[in-house]
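Enquirer: My questions are about this predicted structure, shown below with the sequence.
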Amino acid sequence: MLMPSIFGRTLMDDFFDDFGRDRSKSPDIMKTDIKETENAYEIGIDLPGYAKDDIHAELKDGYLVISAEKETNTDESKEDGSYIHRERYYGSCSRSYYVGNKMKEEDIKAKFENGVLTIDLPKKNESEVEEKKYIQIAG
């Protein structure tokens, strides 16, 4: 059966373009805004679809490392039907931001609300950071 085409593409081409696409490189995940104020930097990171417990913030070797991991239950019952196409993201992603070797985790404040992780970093850098620290995320 021939499918109607528009500019050499069939209508079904658009429907199946997403199949096989690597969702970890999705442009909607971990979009970041960094705002500078007089005394601090404010980092806003979009993490749509993640819960607070899926997100981890770590201070290591002068880098603030933000990672998020989301798992899915792959056990699908045939009684309820099977997916033929999924666009929801399941996997992990991370980004690193250099904050200097003197940043302390106690000075960093983080909160997660409405799919956005907000991190406040002070501009003062007085003491050395230890090997590996974790930052508490409120929200």
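Expert: Perfect, thanks for sending it. Numbers count the residues shown, from 1 in each chain.
Enquirer: Strands of this structure, residue ranges please.
Expert: 5-6, 9-10, 32-36, 40-46, 55-60, 63-70, 91-98, 109-113, 116-122, 132-134, 137-138 (DSSP state E).
Enquirer: What strands line up against the last one, and which way round?
Expert: When pairs are called by DSSP bridges, strand 137-138 turns out to pair with strand 109-113 (parallel).
Enquirer: angle of the strand it pairs with against strand 63-70?
Expert: On the basis of axes from the mean of the first three to the mean of the last three Cα atoms, to 10 degrees, strand 109-113 is oriented at 20 degrees to strand 63-70.
Enquirer: what comes up buried for strand 109-113?
Expert: Lys109, Ala110, Phe112 (16 or more other Cβ atoms under 10 Å). C-betas here are computed from N, CA, C, even on glycine.
Enquirer: So for the second one, what pLDDT did the model give?
Expert: Here the pLDDT value assigned to Ala110 is 96.
Enquirer: That one contacts Gln136, correct?
Expert: Yes: counting by Cβ atoms under 8 Å, Gln136 is a contact partner of Ala110 at 7.1 Å.
Enquirer: ok so, going back, got the strands of the chain as TSV, with distance to Tyr83 columns?
Expert: Putting those into TSV (distance: least, Cβ to Cβ, whole Å) gives the following:
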stretch	distance to Tyr83
strand 5-6	28
strand 9-10	23
strand 32-36	31
strand 40-46	25
strand 55-60	26
strand 63-70	16
strand 91-98	16
strand 109-113	28
strand 116-122	28
strand 132-134	35
strand 137-138	31
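Enquirer: Since that was my last question, I'll sign off now.
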